[in-house]
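Novice: this one's structure only:
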């Protein structure tokens, strides 16, 4: 299975919110199909298998995702929660979650798309009501709109991830410095 979803935010709810990429510019949708949504649930490690989904599952998931993003952004900026966003996330969390089962091979969690979404909503509630709230930061790459938990010493982390954004920004800064540096005589 090709893993092309990125998990750099430090919490499944934040990674879920980040599946609409580059919100301020290009807006790239990672949940283009029910299969892509289910791939995210499995790749995230929240569940091991998801029953085939429908378009309505994608619509429901993107509605919850946007509500999570609104709530996370409000909390990060110290603003009031949007009432409609609270209702969306709380309603998703009220649904029964995926339940792990013990098998001879270890833990196995089979879910419906609705159960998997409930697990994500519950992660959002735990995050936004927990001790990591002061650690929420938005990626320093202006093109990126991921929010992540900064657990670095002194909260000095600037990017959601070096792979995804840090290297791009550092390389661009290096190229810019090279362009503007005066030509030095070569010996």
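Specialist: Looks like it came in fine. None of the values given here were measured: they were computed from a predicted structure. Residues are numbered from 1 along each chain as shown.
Novice: mind checking how far the closest residue to residue 26 other than its chain neighbours is from residue 21?
Specialist: Closest residue in space to residue 26, ignoring its immediate chain neighbours: residue 143 at 7.7 Å, by Cβ to Cβ, 6 or more residues apart in numbering. Just so you know, the C-beta spots here come from the backbone N, C-alpha and C atoms, and that holds for glycine as well. Distance, residue 143 to residue 21, by Cβ to Cβ, to the nearest Å: 9 Å.
Novice: the two: which has the busier surroundings?
Specialist: The residue with more neighbours, out of residue 143 and residue 21, is residue 21; 17 against 14, by other Cβ atoms under 10 Å.
Novice: picking up where we left off before, name all residues that make contact with the residue nearest to residue 26.
Specialist: 22, 24, 25, 26, 165 (Cβ atoms under 8 Å, 6 or more residues apart in numbering).
Novice: just the pLDDT for it.
Specialist: The per-residue pLDDT reported for residue 143 equals 85.
Novice: quick check: phi and psi at it.
Specialist: The phi/psi pair for residue 143 (degrees, to the nearest 10) reads phi -80, psi -20.
Novice: for the protein, just list every one of the helices.
Specialist: Taking DSSP state H to define them, one finds helices in the chain at 12-17, 34-43, 55-77, 83-94, 113-128, 167-180.
Novice: between the longest one and helix 34-43, how many degrees?
Specialist: I take that to be helix 55-77. An angle of 50 degrees separates the directions of helix 55-77 and helix 34-43 when computed by axes from the mean of the first three to the mean of the last three Cα atoms, to 10 degrees.
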